[in-house]
Every structure is written in C-alpha cells, then in structure tokens.
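> Would you be able to build a 3D model of this:
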Amino acid sequence: MSNVETEPVEVRCRSAAAGGRSGEAPRVEVITPRDVPLGGPRAMTVRRTLPQRARTLIGAWCFADHYGPDDVAATGGMDVAPHPHTGLQTVSWLFSGEIEHRDSLGTHAFVRPGELNLMTGGHGICHSEVSTPRTTVLHGVQLWVALPGEHRDTERDFQHHVPEPLHAEGAEIRVFLGALAGTTSPVRTFTPLLGAEIVLGPGARVTLAVDPAFEHGLLVDQGDVRLADVSLKPAELGYVHPGADSLTLVNESAELPARTVLLGGTPFDEEIVMWWNFVGRSNDDISQAREDWMSGTRFGEVRGYDGDPLLVPELPSVPLKPRGRVR
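This next block holds a predicted model:
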C-alpha cells in the first residue's frame, strides 16, 4: 500500500529502550491512532498507529495503518496506482475484501482475508493495489517493516503464505510472521519479528508465552480487550516494553468475539528516515530515491495496471529534527 499523503513529512525513528523484568506483570502504554485522510486516487481515511510521537517503532515495525470496514459501494474501494518503495517490507493483511496486487517483479497476486502477502522493497520495487469487483467491504491493516542497514539494498522479493489457524483457550490464532503458541511462520524476515491475528471468543481469556527480548504491540480491530490490566478500545494499540515473558488477553464482552493483531520484535537499534514510501538512513537517501522514481530508473515497471503511476510529492524544505529515543 502507498502512503499517498500530499504533504508527507520526514520522520526519523529510534527504537524504545528495554524495560521491565521477566516474570513481572507488563506495563501497558495505550497508543491512540490519528486519522489520516490519504486523499489521492484512493480517497480513504485510515487510522495510523505507527509512527507517532509517542511511539515510532515496535521492533522493526515502522508503519501501521488500520482501515475499514469500508462500504466499497460508498467509498469506491481501493485504487492505488503504481508507486515505489525502498528499504522496507510491506505486509498486507485483510479481514474482509480482496485486493489485486501487481509489482515490478512481474507478480500478479491477490490479497485475501487470512492470507499474508509480504513484498520486499530493498533497493527498489514498485507495485499497484486495486480492490476487486468481488469486494463489498474492505477492511484490514497495512504494515511496513524497516530493513536493517546490511539488508536495506537487498533484491526485491514477494512471498505469499496462508497460515493454519490454531486454537487455544477460546482464541483462534493465525501466525503470519515469527513464532507464537507453538507454531512458526516459514516467511523470511531480516530481523526477529512476530505478527499474528488473534480472535478471542466471547469472554475468552488467553495467556501466551512470548519472547522477553521482544517489545510488543497489540492492535485492537474490534471489541474491547484487556491486555494485562489495561482495557483497550477498537483502534487502540497497547504497547509492552521488552522483558515480558507472557501476555494475557481477555475479551471483555461475554457475547461478541474480539479481533486483534499482535506485533513484536527485538528493538531496532538503527535510526531510520521515512518519507512518503521510502525508508532510508539520511535525507540524501530519500532525495535520491525520489529522483530515481521521477526519472523512471531503479524501480522497474508494473504491467497490467490501467493508469499512470503516482506522482511523487515535493520534499520538505527543511528536514524534521531527529526524534529522541522513546523510553
């Protein structure tokens, strides 16, 4: 998915410092998303949880948009023209609807509920995303993962994986990245990561063993969910510092299911700069990527999309100052 904001800002991100000790009840910070009207050809408003001033990274997860449920008959659905990415992996995960994906590798694939599509931008890739005519309600999350310095210029790649659901203590879990509840995703990442959809039945309570070296974020899609002793509303994210060796989730409704997405990873110890659809290490990296997109080099070509590629916005005249380390 593209960030089609007309005036994207440059963001410098640092990871959180470690905190807490194994065995202690985790301290949960509540992060409230901000609404971002993307405009452009998609004309969608998304709920953006990452990056924010309060939290810029969770492991290598550097971007999290939560959208829908959108009635496609009213909104027109998704139509994102070819656009570039560098220095990141995109993770597409749907709750409902269907999206057609095309990229400059020649990939033609579909994003469907419960199926992971992971695209590696590396040195440079471009892709398009269009909701299909079969889609009536579009609902999901779009996530980005920052690539570490030694791999940020890796070759472009695309992976598709359908995780088998597993059941534990009234919860249905689909692990699309990393390992949780005794299952491991085969999908390759460049830093230790966790990504899983967890659906809690009415009144369900589940305790999951997690890696204490990870920091975690629990994004609530629907329902009211208690993480440790903190209640989270839909679209809120509960952040847990490294040190917790288990997480307890409770669906506070005795009648309706609740759905969440659990993200995790080891703290990302590199400073990154994000602007538009690029992740780099400096303003020069971003400027060069922008010029390469404008000149038609580096990113390849998307075949089969009916329309012109996205135009790149103007760079800000003065870069933002680096964000301080979030503790």
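
> Check which helix or strand the residue positioned nearest the centre of the chain maps to.
When the chain is reduced to its mean C-alpha position, the nearest residue by Cα atoms, centre = their mean turns out to be residue 143, at 1.3 Å. Secondary structure assigned from DSSP states H and E places residue 143 in strand 137-146.

> Could I get the average pLDDT for the helix or strand following that strand?
Later in the chain than strand 137-146, the nearest helix or strand by DSSP H and E is strand 157-161. When pLDDT is averaged along strand 157-161, the result is 98.

> just stretch 100-115 next, same as before
When pLDDT is averaged over stretch 100-115, the result is 98.

> any residues touching that stretch, and which ones?
Here stretch 100-115 makes contact (Cβ atoms under 8 Å, 6 or more residues apart in numbering) with 82, 92, 94-99, 117, 119, 125-132, 140, 156-158, 160-163, 165, 174, 197, 299-305. From N, CA and C alone the C-beta is placed, and that goes for glycine too.

> 6 Å instead, please
Applying Cβ atoms under 6 Å, 6 or more residues apart in numbering, the external contacts of stretch 100-115 come out as 92, 94-96, 98-99, 117, 125-130, 132, 156, 158, 162, 300-302, 304-305.

> Drop anything exposed from the residues you listed.
Among these, the ones that count as buried by 16 or more other Cβ atoms under 10 Å are 92, 94-95, 98-99, 117, 125-130, 132, 156, 158, 300, 302, 305.

> Any idea how far apart the tips of stretch 260-279 sit?
Using Cα to Cα, to the nearest Å, the end-to-end distance of stretch 260-279 comes to 27 Å.

> quick one, helices of the stretch 101-250 of the chain?
In the stretch 101-250 of the chain, no helices are defined using DSSP state H, counting those that start in this stretch.

> Not counting sequence-adjacent ones, nearest residue to the residue nearest to the centre of the chain?
The spatial neighbour of residue 143 that comes closest, neighbours along the chain excluded (Cβ to Cβ, 6 or more residues apart in numbering), is residue 91 at 4.1 Å.

> which helices and strands does the helix or strand harbouring the one you found pack with?
Counting by DSSP H and E, the element that carries residue 91 is strand 88-96. If contacts are counted by 3 or more Cβ pairs under 6 Å, 6 or more residues apart in numbering; DSSP states H and E, strand 88-96 sits against strand 116-120, strand 137-146.

> can you list the residues that contact it?
The contact list for strand 88-96 (Cβ under 6 Å, 6+ apart) reads 111, 113, 117-121, 137, 139-141, 143-147, 279.

> Any of those residues buried? List them.
Among the contacts of strand 88-96, those scoring as buried are 111, 117-121, 137, 139-141, 143-147, 279 (criterion: 16+ other Cβ under 10 Å).

> Show me the two of the residues you listed that sit farthest apart.
For those, the maximum inter-member distance is 32.6 Å, found between 137 and 147 (Cβ to Cβ).

> Surely residue 290 is in contact with residue 311?
No - applying Cβ atoms under 6 Å as the test, residue 290 and residue 311 come out as separate, 10.8 Å apart.

> So those two - more neighbours on which side?
The neighbour comparison of residue 290 against residue 311 (other Cβ atoms under 10 Å) goes to residue 290, with 20 against 13.

> how much space between that one and residue 86?
Using Cβ to Cβ, to the nearest Å, one obtains 10 Å as the distance from residue 290 to residue 86.

> do residue 283 as well
Residue 283 sits 14 Å away from residue 86, taking Cβ to Cβ as the criterion.

> Neighbour count for these two, which is higher?
Set side by side, residue 283 and residue 86 show more neighbours around residue 86, with 26 against 17, by other Cβ under 10 Å.

> Could I get the pLDDT score of that one?
97.

> With residue 275 instead?
Listed pLDDT for residue 275 reads 91.

> quick one: it and residue 284 touch, right?
No - look at residue 275 against residue 284 with Cβ under 6 Å: they stay out of range, at 11.8 Å.

> ok, the two, which is more surrounded?
Neighbours were counted for residue 275 and for residue 284 using other Cβ under 10 Å; residue 275 has more, 25 against 10.

> Burial check on residue 205, number of neighbours?
Number of residues near residue 205 (other Cβ under 10 Å) recorded here: 15.

> Likewise for the one 4 residues further on?
Using other Cβ under 10 Å, residue 209 has 12 other residues around it.

> Quick check: the gap between it and residue 61.
If you go by Cβ to Cβ, the gap between residue 209 and residue 61 works out to 20 Å.

> mind listing what's buried in stretch 71-82?
Neighbour counts over stretch 71-82 (16+ other Cβ under 10 Å) mark 72, 75, 77-82 as buried.

> Just name the closest of those residues to residue 202, please.
Scanning those for proximity to residue 202, where the rule is Cβ to Cβ, the winner is residue 72, at 29.0 Å.

> Now for the closest one: which residues touch it?
Each residue near residue 72 by Cβ under 6 Å, 6+ apart is listed here: 135-136, 138.
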